[in-house]
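Novice: I'd like to go over a predicted model; first the sequence, then the structure.
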Amino acid sequence: NAGVTQTPKFQVLKTGQSMTLQCAQDMNHEYMSWYRQDPGMGLRLIHYSVGAGITDQGEVPNGYNVSRSTTEDFPLRLLSAAPSQTSVYFCASSSVYLGYGYTFGSGTRLTVV
Amino acid sequence: AQSVTQLGSHVSVSEGALVLLRCNYSSSVPPYLFWYVQYPNQGLQLLLKYTSAATLVKGINGFEAEFKKSETSFHLTKPSAHMSDAAEYFCAVSESGSRLTFGEGTQLTVNP
């Protein structure tokens, strides 16, 4: 199993540009989430989904959009990149049948200049 | 609302010594609790989880944690630290399973 796959691993954007961070899982997990990790702040939830077609906002949703058209994919879109969005982004998936233990991807390191 | 407090952003122990990483949580319902480990430039790996079964939970790499409802705590321990345990550790809580709330993390240093 590949688990949770995130692409790209690294990205540099200019302020105002848009882009999509990709996340795919092959474990048939119903739950998927996006987090950002900043030094000294732990991981903060951006958006999450409890199944295909269902998404909701987390703690820090502003400037980001998500959609979940399939169980496998959960892309995160940055609408107009800002330097404050420089961070490491993690996608994760889980299932109620696994006691909600989330599996994390290896992350995308994003720099906005 | 759910929240997590990890006491001590940095903990340093000698190799072979006891590891104790502290986590206190706040939750309005019986929670699910987790400990994750992150090695440099990697994603998070699940160490162990509490899901309302046994209060003493054993995880990977010799770690364990005890759920204490009266103290709202879920501290992580390992009897004997190894150099390979040096990493950042995160405690997390979930009320519903659909969203995790993380603590700010504790950086563990193991000295030879």
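Specialist: Yep, it's here. Numbers count the residues shown, from 1 in each chain, chains lettered A, B, ... in the order given.
Novice: Stretch A:14-21: which residues count as buried?
Specialist: residue A:21 (16 or more other C-beta atoms under 10 Å in any protein chain shown). Quick note: C-beta positions are derived from backbone N, CA and C, even for glycine.
Novice: Check stretch B:44-57 too.
Specialist: Using 16+ other C-beta under 10 Å as the test for burial, stretch B:44-57 gives B:44, B:46-51, B:57.
Novice: which one is residue 85 nearest to, not counting chain neighbours?
Specialist: Here I'm looking at chain A. Excluding its sequence neighbours, the residue lying closest to residue A:85 (C-beta to C-beta, 6 or more residues apart in numbering or on different chains) is residue A:112, at 5.3 Å.
Novice: hm, I was asking about chain B
Specialist: Using C-beta to C-beta, 6+ apart and skipping the chain neighbours, the partner closest in space to residue B:85 is residue B:110 (5.6 Å).
Novice: do you know how far the one you found is from chain A?
Specialist: Distance, residue B:110 to chain A, by C-beta to the nearest C-beta, to the nearest Å: 21 Å.
Novice: go on, residue B:55?
Specialist: 15 Å.
Novice: Could you pick out the residues of chain B near chain A for me?
Specialist: Proximity of chain B to chain A, by C-beta under 8 Å from any C-beta of the partner chain, involves residues B:9, B:32, B:34, B:36, B:42-46, B:49, B:51, B:90, B:94, B:97-105.
Novice: out of those residues, which are buried?
Specialist: B:32, B:34, B:36, B:43-44, B:46, B:49, B:51, B:90, B:94, B:97-105.
Novice: Residue B:63: how many residues sit nearby?
Specialist: When neighbours are defined as other C-beta atoms under 10 Å in any protein chain shown, residue B:63 has 20 of them.
Novice: Mind pulling the model confidence for it?
Specialist: Residue B:63 carries a pLDDT value of 97.
Novice: got the contact list for it?
Specialist: Taking C-beta atoms under 8 Å, 6 or more residues apart in numbering or on different chains as the criterion, residue B:63 is in contact with B:19, B:35, B:47-48, B:76-78.
Novice: Next, give me the two most distant ones among those residues.
Specialist: By the measure C-beta to C-beta, B:19 and B:48 form the most distant pair in the contacts of residue B:63, at 13.4 Å.
Novice: Where does the prediction get shaky in chain A?
Specialist: Applying pLDDT under 70 to chain A flags the ranges A:1.
Novice: One more pass at 90, please.
Specialist: Applying pLDDT under 90 to chain A flags the ranges A:1-2, A:39-42, A:95-101.
Novice: Same question for chain B.
Specialist: B:1-2, B:27-31, B:40-42, B:51-55, B:94-100.
Novice: what's the residue closest to the geometric middle of it?
Specialist: For chain B, the residue nearest the mean C-alpha position is residue B:35 (3.6 Å; C-alpha atoms, centre = their mean).
Novice: Next, the residues that contact the stretch of helix or strand that one belongs to from outside, please.
Specialist: For residue B:35, the element it lies in under DSSP states H and E is strand B:32-38. Here strand B:32-38 makes contact (C-beta under 8 Å, 6+ apart) with A:99-102, A:104, B:21, B:23, B:25, B:44-52, B:59, B:61, B:63, B:65, B:67, B:74, B:76, B:87-95, B:97, B:100, B:102, B:105.
Novice: Understood, closing this out.
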